[in-house]
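Q: Next comes the sequence, and after it the predicted model I'd like to discuss.
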Amino acid sequence: MGESPDATTSVDATAAPAPDAPPLVGHALPYARDPLGFVERAVADHGPIVSLSLPRREGLLLADPDAIGRVLAGNADNYRKGEFQRRELGGLLGDGLLISEGESWESARRAIQPAFDPGRIADHASTIVDCADDRIAEWEAGETADLLEATSEITLTVLGEALFDTDLRDATEVRDAARAVTDRFSPRGSLPFHVPDWVPLPRNLRYRRAVDRLDTFVECLLAERRAEVGMDGETDGGSDLLSVLLAAGMDDTEVRDHLVTFLLAGQETTALALTYTLHCLATHPNEQAAVAAEVADIDGRPEMADSLPRTDRAIREAMRLYPPVHLVMREAVADDTVGGYHVPAGSLVLCSQWATHRRSELYDDPESFRPGRWETADHAQYAYFPFGAGQRICIGRRFALLEARLVLARLLQAFRVEPVTEELDLAASMTLAPTSPVEVRRRERES
């Protein structure tokens with residue numbers, strides 16, 4: 001697993017170094033004020049394993065590949081999702097795959113896995129390109145586009161066609177819910193904790209309304225599919241995710257929780273990956289020209305079998321710089337030692353993609369967009385983990401990467417993008433999302 005020699009379960013190790021912290025609220029306050037800056041500064045000043053003082057518990061921030069490998073893979077049974085995530089996300093995701101634990105998670109993962117088998121993913125390639133083409137046909141050269149809005153329309157349509165066998169083109173409930181969730185879980189500089197969603201703050205009211213609308217939408221979607229099953233209760237043997245869930249014999253609550261999880265996580269994270277890749281290419285015209293030349297060599301529409309190394313490297317590098325999932329959180333079940341430092345039972349362990357992906361010890365010139373760095377495979381294991389790692393690595397990662405490469409290829413076959421937004425302003429919420437539109441101007445691709 002690439003773990004450190006001292007990654008043992010001994011509890012004789014010392015505590016990791018820690019930044020100065022305000023009394024009572026500890027590091028939660030400086031984190032709330034600037035989440036991304038805080039983790040970067042903490043790692044730069046104190047090393048890649050940092051102790052945190054949090055309200056009512058201890059914490060550990062990790063940006064060390066060996067330590068991350070131990071927590072997410074090597075000793076993963078000792079690190080669960082935990083009470084914090086269930087308390088904060090349970091009302092939204094229920095017992096969905098993202099936050100379920102133990103046998104519930106194992107059973108659901110086994111049931112859902114067939115929907116993401118390589119053969120079934122390959123079957124979706126043509127659908128992905130069709131969905132991209134439908135949107136591209138509506139665009140005009142010279143227009144200014146909000147990248148996240150444009151890519152979300154595509155990824156939501158793809159999600160509907162490929163995973164739910166339904167038309168989600170006009171499902172505004174999903175996009176509204178994603179925005180409300182981002183706003184709800186974005187740290188507020190004056191509050192070092194999340195205010196419960198029942199407190200009638202404006203963002204909480206928007207969040208509850210959005211979740212209620214999403215629940216109604218999912219209930220209708222599920223009722224329609226249940227009606228199509230027929231009186232005998234037999235499914236149609238479809239390969240989409242919804243058919244797989246129904247074939248597994250899940251009740252409506254279980255299906256609802258998994259549908260909401262995939263509707264939010266599956267759509268939003270891929271749209272963000274495409275947004276950041278297109279922004280990086282717009283602001284680096286030479287890199288964009290190289291990717292455009294590669295996709296221009298394709299005879300017709302891009303397919304899964306097409307070799308697109310420059311395209312793949314651009315996506316990989318954008319997800320290093322701007323990982324849509326910027327933090328993986330775990331809770332220690334029992335005492336452990338990670339990287340020579342003591343991890344007390346009950347500690348909140350934060351594996352930071354943002355801080356790890358930007359460490360100069362791991363990447364040359366880490367804050368620059370340099371897709372060429374991925375031409376070699378000399379990076380440490382767990383130095384790059386945009387989809388998590390270990391047994392709980394994102395189940396849809398292969399589908400997401402295929403979707404990103406085919407959509408990006410199709411977009412750059414049709415258009416050249418020029419930057420309107422030069423610098424990104426980001427919010428570290430459930431995902432790493434821009435706080436304002438990321439705009440480009442579309443120019444017709446010269447043949």
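A: Received, thanks. Just so it is clear, the model here is predicted, and its values are computed rather than measured.
Q: Report the buried residues of the helix or strand encompassing residue 279.
A: Element membership for residue 279 (DSSP states H and E) is helix 267-283. Residues 267-283 are the ones in helix 267-283 that count as buried (16 or more other CB atoms under 10 Å). Backbone N, C-alpha and C define where each C-beta goes, glycine included.
Q: can you check stretch 151-165 too?
A: By neighbour count on 16+ other CB under 10 Å, the buried set for stretch 151-165 is 151-165.
Q: One more: stretch 138-155?
A: Judged by neighbour count (16+ other CB under 10 Å), stretch 138-155 contains these buried residues: 145-148, 150-155.
Q: Ok, stretch 372-389 next?
A: In stretch 372-389, counting by 16+ other CB under 10 Å, buried: 373-374, 382-389.
Q: Name the surrounding residues that touch that stretch.
A: With CB atoms under 8 Å, 6 or more residues apart in numbering as the test, stretch 372-389 has contacts from 1-2, 65-66, 68-69, 72-73, 312-313, 316-317, 319-320, 323-325, 328, 351, 353, 356-357, 359, 362-364, 393-394, 397, 400.
Q: same question for that stretch, mean pLDDT?
A: Averaged across stretch 372-389, pLDDT comes to 94.
Q: Return the distance of it from the chain's centre.
A: Taking CA atoms, centre = their mean, to the nearest Å, one finds the center of stretch 372-389 at 16 Å from the center of the full chain.
Q: same question, stretch 153-164
A: The answer for stretch 153-164 is 16 Å, by CA atoms, centre = their mean.
Q: pLDDT of that stretch, averaged?
A: Here stretch 153-164 scores 91 as its mean pLDDT.
Q: and residue 274, what is it in contact with?
A: The contact partners of residue 274, by CB under 8 Å, 6+ apart, come to 147, 151, 154-155, 404, 407-408.
Q: which residue is nearest the middle of the protein?
A: When CA atoms, centre = their mean is applied to the chain, the residue found nearest the centroid is residue 325 (3.8 Å).
Q: which SS class is that residue?
A: coil (DSSP: H, G, I helix; E, B strand; the rest coil).
Q: Show me what the lengthiest helix in the chain is packed against.
A: Taking DSSP state H as the criterion, the chain has its longest helix at helix 202-229. Using 3 or more CB pairs under 8 Å, 6 or more residues apart in numbering; DSSP states H and E, the elements in contact with helix 202-229 are helix 172-184, helix 241-247, helix 252-261.
Q: Tell me which of the ones you listed lies nearest to residue 219.
A: Across the helices and strands packed on helix 202-229, residue 219 has its closest neighbour in helix 252-261 (7.2 Å, CB to CB).
Q: The closest one relative to helix 172-184, how many degrees between them?
A: Orientation note: helix 252-261 sits at an angle of 70 degrees relative to helix 172-184 (axes from the mean of the first three to the mean of the last three CA atoms, to 10 degrees).
Q: any idea of the mean pLDDT in helix 252-261?
A: On average, helix 252-261 scores 91.
Q: in that helix, what's buried?
A: For helix 252-261, by 16+ other CB under 10 Å, it's 254-261.
Q: Which of those residues sits closest to residue 119?
A: Using CB to CB, the shortest approach to residue 119 within these belongs to residue 258, at 21.3 Å.
Q: residue contacts, the nearest residue in space to the closest one that is not next to it in sequence?
A: Nearest residue to residue 258 in three dimensions, chain neighbours excluded: residue 96, at 5.2 Å (CB to CB, 6 or more residues apart in numbering). By CB under 8 Å, 6+ apart, residue 96 lies in contact with 257-258, 260-261.
Q: try 10 Å this time
A: Applying CB atoms under 10 Å, 6 or more residues apart in numbering, we find residue 96 in contact with 89-90, 105, 108, 254-262, 264-265.
Q: cool, residue 129 as well?
A: Residues in contact with residue 129 (CB under 10 Å, 6+ apart) are 136, 158, 300-304, 403, 406-407, 409-410.
Q: Identify those among the buried residues of stretch 138-155 that sit within strands.
A: The strands, defined by DSSP state E, take in 145-146 from those.
Q: for the buried residues of stretch 138-155, which one is nearest residue 429?
A: Taking CB to CB as the measure, residue 429 lies nearest residue 148 of those, at 13.4 Å.
Q: any idea how far residue 174 is from the residue nearest to the closest one when sequence neighbours are not counted?
A: What sits nearest to residue 148 in space, not counting adjacent residues and going by CB to CB, 6+ apart, is residue 275, at 4.7 Å. For residue 275, the distance to residue 174 (CB to CB, to the nearest Å) stands at 16 Å.
Q: Repeat that for residue 341.
A: Going from residue 341 to residue 174 by CB to CB gives 41 Å.
Q: which of the two has more neighbours?
A: Between residue 341 and residue 174, residue 174 has the larger neighbour count (other CB atoms under 10 Å), namely 24 against 21.
Q: My read is that that one contacts residue 214, right?
A: Yes: under the criterion of CB atoms under 10 Å, residue 174 makes contact with residue 214 at 6.7 Å.
Q: hey, what's in contact with both of the two?
A: Counting by CB under 10 Å, 6+ apart, the residues touching both residue 174 and residue 214 are 260, 263-264.
Q: Any chance of a markdown table for those, columns distance to residue 432?
A: Listed next are the shared contacts of residue 174 and residue 214 as a markdown table, based on distance: CB to CB, whole Å:
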| residue | distance to residue 432 |
| --- | --- |
| 260 | 20 |
| 263 | 19 |
| 264 | 15 |
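Q: low pLDDT regions in this protein?
A: 1-13, 187-200, 229-238, 447 (pLDDT under 70).
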